[in-house]
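In: sequence and predicted structure below; questions after.
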Amino acid sequence: MAALRSSAIRDLLAVTARPDVIGLAGGLPDPDLVPLDRIRAATVRALESADSLQYTETAGLLALREVIARRESALRPRPVTTAEVAVTHGSQQALSLLAQVLVDPGATVVVEEPAYPGALQVLRATQARIMTVPLDADGMRTDRIADLLAAGERPVLVHTVSTFHNPRGVTMSASRRRELTTLAERFGFLVVEDDPYGELHYAGPPPEPIAAHSDRVIRLSSVSKTLAPALRVGWMVAPREICAAVELAKQGADLCDSRLAQETVTELLADEQWMTGHLQDLRAEYGRRADALRRAVEREFGDCATLSRIGGGMFGWLEFQDGTDTDALLSAALDHSVAFVPGSAFAVDGQDRAGARLCFTTNTPARLDDAVGRLAAAHSR
């Protein structure tokens, strides 16, 4: 328990619940863009039978695993079987269960720096030895992983948010995806490809998943960003022996997830025509908001800060070049009723003081203009 730390982002959400605060902190979908009517109709249809209120398989409803296997098979050169799919209570639970079955205390794991805080919480709970490699505009520096391996390090797994990274927003290049799997095959470690954002692309589709290049890749995803977080339906695609081990761990955690939610999600994901249209609508609106955030940052901050290129996902990474400490800036920003997540929340050692994560999905372009204006006022205070 001494190794556990509260998520700074979750702590911030309590502050941003104030109606006067414009929140750029949480990685949330806009509730106005959640397909409420379609979810309601699918749920009503599921409730036509009391079976939807019964327990279901620990690994997930078979019909849902079949749909996920079909969707995932389209992303790689060989078909995915249902035995290679495990449905979980969001993809965060998949990551937690994976850590339970794969990571012993003291085992070495590699993460990106800055890192996804949910991964850090999970890995710290296992008492893993966490090593970091930096990101650049092409994603995780796989050459630095090669350096660690050459120096004798032997990680059991490498965790990466390879597409539209949280928090940096960058996407790993196709060449680095191939290099990472080549290293995994040679040195025997597993890659955990955490991909909740890949379908939210605004400037063309990202490179094919890392899992397309090797069976040593465990792929995680969910419907939290594309349908609704409260459905709590995520999944992992992994070798069947790992899925079987995760199923055993899940039996001890919660027996199974909501069959009602899984039946609802099965209908929505299986309706490919509707899902394609829904994703197109999300991409158009979120892309418009990403452009609005970029324009506002350029107008308000000029050369003293730069915003990462936003090709998809939910976040832009604001990097200050003028010595701004974003931990201190957050305090001033809250006085101006705007919130963001400082870079230290994503640093393994808490030392990143120049960066800030800005979420653009929950605010309209006009409100984003207002938010960045407030942030600039706090910066110049």
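Out: On my side now, so go ahead.
In: quickly list what Thr160 is bridged to.
Out: In this entry, Thr160 is beta-bridged to Glu193, by DSSP bridges.
In: which residues does it contact?
Out: Thr160 makes contact with 111-112, 139-140, 172, 180, 191-194, 210 under the criterion CB atoms under 8 Å, 6 or more residues apart in numbering. Where you see a C-beta, it was placed from the backbone N, CA and C, and this is true even at glycine.
In: among the residues you listed, which lie within strands?
Out: In this view, the contacts of Thr160 that belong to strands under DSSP state E are 111-112, 139-140, 191-194.
In: pull the most distant pair out of these.
Out: For the ones in strands among the contacts of Thr160, the maximum inter-member distance is 14.6 Å, found between Gly139 and Val192 (CB to CB).
In: with neighbour numbers in mind, choose between the two.
Out: Comparing Gly139 with Val192 by other CB atoms under 10 Å, the one with more neighbours is Val192, at 26 against 22.
In: just to check, the more buried one is in contact with Ala211?
Out: No: between Val192 and Ala211 there is no contact under CB atoms under 8 Å: 10.3 Å.
In: hmm, who's touching stretch 285-299?
Out: Stretch 285-299 is contacted from outside by 30, 33, 200, 202-203, 305, 307, 310, 314, 316, 318, 358, 360-361, 363-365, 368-369, 371-373, using CB under 8 Å, 6+ apart.
In: quick one: the strands in the stretch 201-350 of the chain, in order.
Out: Assigned by DSSP state E, counting those that start in this stretch, the stretch 201-350 of the chain shows strands spanning 217-222, 234-237, 305-307, 315-320, 338-339, 341-342.
In: need the ones you listed in CSV (columns: mean neighbour count).
Out: Converted to CSV, the strands of the stretch 201-350 of the chain look like this (neighbours: other CB atoms under 10 Å):
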stretch, mean neighbour count
strand 217-222, 26
strand 234-237, 26
strand 305-307, 20
strand 315-320, 22
strand 338-339, 24
strand 341-342, 25
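In: closest one to Ala83 among those?
Out: It's strand 234-237; of the strands of the stretch 201-350 of the chain, that one is closest to Ala83 (CB to CB) at 10.6 Å.
In: who does the closest one pair with, and is each partner parallel or antiparallel?
Out: Counting by DSSP bridges, strand 234-237 is paired with strand 85-88 (antiparallel), strand 217-222 (antiparallel).
In: tell me the helix or strand right after the shortest one.
Out: The C-terminal neighbour of strand 85-88 among helices and strands, as given by DSSP states H and E, is helix 90-102.
In: any residues in contact with both of Val192 and Ala211?
Out: 217-218.
In: counting by contacts, list what the helix or strand Gln121 falls within packs against.
Out: Here Gln121 sits within helix 117-125, counting by DSSP H and E. The contact analysis (3 or more CB pairs under 8 Å, 6 or more residues apart in numbering; DSSP states H and E) places helix 117-125 against helix 90-102, strand 108-113, strand 129-136.
In: nearest to Leu149, out of those?
Out: Counting by CB to CB, Leu149 lies closest to strand 108-113 out of the helices and strands packed on helix 117-125; the figure is 9.6 Å.
In: sorry, back to before: could I get the strands of the stretch 201-350 of the chain as CSV with mean pLDDT and distance to Gly60?
Out: CSV is the format used below for the strands of the stretch 201-350 of the chain (pLDDT from 0 to 100; distance: least, CB to CB, whole Å):
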stretch, mean pLDDT, distance to Gly60
strand 217-222, 98, 12
strand 234-237, 98, 7
strand 305-307, 97, 39
strand 315-320, 97, 29
strand 338-339, 96, 36
strand 341-342, 94, 32
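In: distance to Leu260 for the ones you listed - can I get that in TSV?
Out: Shown next, in TSV, are those (distance: least, CB to CB, whole Å):
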stretch	distance to Leu260
strand 217-222	17
strand 234-237	16
strand 305-307	41
strand 315-320	31
strand 338-339	34
strand 341-342	33
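In: out of these, which comes closest to Pro134?
Out: The nearest among the strands of the stretch 201-350 of the chain, by CB to CB, is strand 315-320 at 13.1 Å.
In: for that closest one, give me every contacting residue.
Out: Identification of contacts with strand 315-320 by CB under 8 Å, 6+ apart yields 27, 164-170, 290, 293-294, 297, 301, 304-308, 310, 326, 340, 354-360.
In: appreciated, that's everything.
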